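Visitor: Curious how this folds, go ahead:
(chains A and B)
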Amino acid sequence: DGGITQSPKYLFRKEGQNVTLSCEQNLNHDAMYWYRQDPGQGLRLIYYSQIVNDFQKGDIAEGYSVSREKKESFPLTVTSAQKNPTAFYLCASRRAGGTETQYFGPGTRLLVL
Amino acid sequence: ELKVEQNPLFLSMQEGKNYTIYCNYSTTSDRLYWYRQDPGKSLESLFVLLSNGAVKQEGRLMASLDTKARLSTLHITAAVHDLSATYFCAVDERGTGNQFYFGTGTSLTVIP
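Guide: Coordinates of the predicted model:
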């Protein structure tokens, strides 16, 4: 089965702690994305990557970091610099350069203790 | 800055009624996508519209695109409770590195 997986489903962060959210896809997509969704709000782009070892900041990149060492994987680290990280985080992927839709993972809900 | 606006933001409608959700955008894109999100869940792709005049239908939902007016509509026919969800439109602007711009979302509640 092709698709996008995110883990964990729920994540708790303590003050001053960095946490990493996992995103893996087996769709052979070049482009991958991270979005943040606050309750009752739309999606805001954090980072995106069009190719391995390259990524670009989105609208709200401050306090977050990413890596793209493998085509299948695009982990997101929420650093201690992100003062209000409580949100629903969604990872997506898409075939680069085409007109296909973005496919979304199931999401990770991050809560601050 | 590219903007994508949806209206209404909230929609409460009775079963059996018809209604339309509007998506206006500020670019000349001819690539428009509709998604559905159930409470607490991820986004699910509904429609992909890739040219002026494009129309797609699935069940009680029909989406259309007017690139000259920079407008897409999502029409709901004879609403049923199962259609209750939040609906998002998104625009893909050529040359922006595959970046999507999402609308604010329309929260639809269908009342029995």
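
Visitor: Just grab the bridge partners of the residue nearest the centre of chain A for me.
Guide: Of all residues in chain A, the one closest to the mean position by Cα atoms, centre = their mean is A:W34, 3.0 Å from it. Note on A:W34: beta-bridge partners by DSSP bridges are A:Y47, A:C91.

Visitor: list the contacts for it?
Guide: By Cβ atoms under 8 Å, 6 or more residues apart in numbering or on different chains, the contact list for A:W34 reads A:23, A:45-48, A:58, A:64, A:66, A:74, A:76, A:89-91. For every residue, glycine as well, the C-beta is placed using N, CA and C.

Visitor: Ramachandran coordinates for residue 79?
Guide: Since you didn't name a chain, this refers to chain A. Phi and psi for A:T79, reported as degrees, to the nearest 10, are phi -90, psi 170.

Visitor: hmm, I had chain B in mind actually
Guide: Dihedral angles (degrees, to the nearest 10) for B:A79: phi -60, psi 140.

Visitor: Now do the same contact list for it.
Guide: B:M13, B:Q14, B:E15, B:G16, B:K17, B:N18, B:Y19, B:R60, B:V110.

Visitor: what pLDDT does it get?
Guide: Per-residue confidence (pLDDT) for B:A79: 95.

Visitor: How much space separates it from chain A?
Guide: 21 Å (Cβ to the nearest Cβ, to the nearest Å).

Visitor: Could you say which helix or strand holds the spatially closest residue to that residue that is not a sequence neighbour?
Guide: The shortest distance from B:A79 to any non-neighbouring residue, by Cβ to Cβ, 6 or more residues apart in numbering or on different chains, is to B:V110 (4.6 Å). Using DSSP states H and E, the element containing B:V110 is strand B:106-111.
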